[in-house]
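In: Only the shape, not the letters, is given here:
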């Protein structure tokens, strides 16, 4: 169902790339593009609106207001939708899984603004970030949007971010809320699963994670992500045969199958981060949170900071259980 504040004509006239993509049959409408890509990219949805549907802040503002704007940072995996772009004047190194030309070729079929793709400084092949970049305690901030859920070993990744950050440096995250995307039918990730991945030094999604992703990924009213107001029909995205084939490929080959390894809600993420700090596995603390808008929530972590508040673990766990 199209949001009442979405202006189809405005959206298509404002974004010629989307208009051409709709004309070419890549999307049924501007709304379909907005729901799949535009919302996450922070594209305007109606005249005079540069704000989200819910809290009056753009997704970019939620992160950028908490970083040192004249400092030096990293953006990890910005793909075609950077938050702190070089074009906007930010001093930033870009880390992605492909070089610039590769990313532009990848997104040609998606009707996005290819010029928004940043020049990639470091191409990651899964090695530790500090090894890839060759620096420590150098950066004032790191931004990662829709990245952490893909990382096979989240604890080691957070530790690598700490190595790269100065004391007081900030890690700004945008995280999909599993309740409002294709992870809807799966449980939120518990701390123990992250600990197991850390002890195994996992560098790729496990065969079980690949199976669970393919067996349980769903759509709602045909969309892979949605807002809390969407009560459309839920359908499985893949067949059980596809899930079995995916498991077999992950178990018997070296092919990297990119899936969501982990699933979070704001409450579950708060518990996990608190647990990891109690275990002295990280020194990052949450200093700012923004609740879910659409399908994602925002979290600002700071190296060496005291947490703004220690969550009551039982209360948080009960809330997670009530939201399942």
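Out: Nice, thanks for sending it over. Here the structure is a predicted model, which means the values were calculated and not measured. Residues are numbered from 1 along each chain as shown.

In: any chance you could map the strands in the stretch 201-324 of the chain?
Out: All strands of the stretch 201-324 of the chain, identified by DSSP state E, counting those that start in this stretch, fall at 218-220, 234-236, 284-293, 296-303.

In: Let me know which of the ones you listed is the nearest to residue 321.
Out: strand 284-293 (17.5 Å; C-beta to C-beta). Yep, even glycine has a C-beta here, placed from its N, CA and C like the rest.

In: Need the winner for burial among the strands of the stretch 201-324 of the chain.
Out: strand 296-303 (a mean of 22; mean count of other C-beta atoms under 10 Å).

In: tell me what that one is packed against?
Out: On a contact count with 3 or more C-beta pairs under 8 Å, 6 or more residues apart in numbering; DSSP states H and E, strand 296-303 meets helix 59-64, strand 165-176, helix 266-278, strand 284-293.

In: Can you lay out the ones you listed as CSV showing mean pLDDT?
Out: Shown next, in CSV, are the helices and strands packed on strand 296-303 (pLDDT from 0 to 100):
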stretch, mean pLDDT
helix 59-64, 88
strand 165-176, 97
helix 266-278, 95
strand 284-293, 94
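
In: will you turn those into TSV that also has distance to residue 142?
Out: Formatted as TSV, the helices and strands packed on strand 296-303 follow (distance: least, C-beta to C-beta, whole Å):
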stretch	distance to residue 142
helix 59-64	10
strand 165-176	5
helix 266-278	15
strand 284-293	10
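
In: And those: which comes nearest residue 98?
Out: strand 165-176 (20.2 Å).

In: Could you pull up phi and psi at the residue lying closest to residue 109 once chain neighbours are set aside?
Out: Leaving aside its sequence neighbours, residue 109 sits nearest to residue 26 (C-beta to C-beta, 6 or more residues apart in numbering; 6.6 Å). Backbone torsions for residue 26, taken as degrees, to the nearest 10, come to phi -70, psi -30.

In: Return the per-residue confidence for residue 26.
Out: As predicted, residue 26 sits at a pLDDT of 78.

In: can you pull the contacts of residue 243?
Out: Residue 243 makes contact with 211, 214, 215, according to C-beta atoms under 8 Å, 6 or more residues apart in numbering.

In: try it again with 10 Å
Out: 210, 211, 212, 213, 214, 215, 216, 217, 236 (C-beta atoms under 10 Å, 6 or more residues apart in numbering).

In: contacting residues for the closest residue to the first one other than its chain neighbours?
Out: Once its chain neighbours are removed from consideration, residue 210 has its nearest residue in residue 250; the separation is 4.1 Å (C-beta to C-beta, 6+ apart). With C-beta under 10 Å, 6+ apart as the criterion, the residues that contact residue 250 are 204-211, 213-214, 256-257, 259.

In: now, which of those sits nearest residue 120?
Out: Closest to residue 120, out of all of the contacts of residue 250 and judged by C-beta to C-beta, is residue 256, at 18.3 Å.

In: My read is that that closest one contacts residue 124, right?
Out: No - here residue 256 lies out of contact with residue 124, judged by C-beta atoms under 10 Å, at a distance of 11.8 Å.
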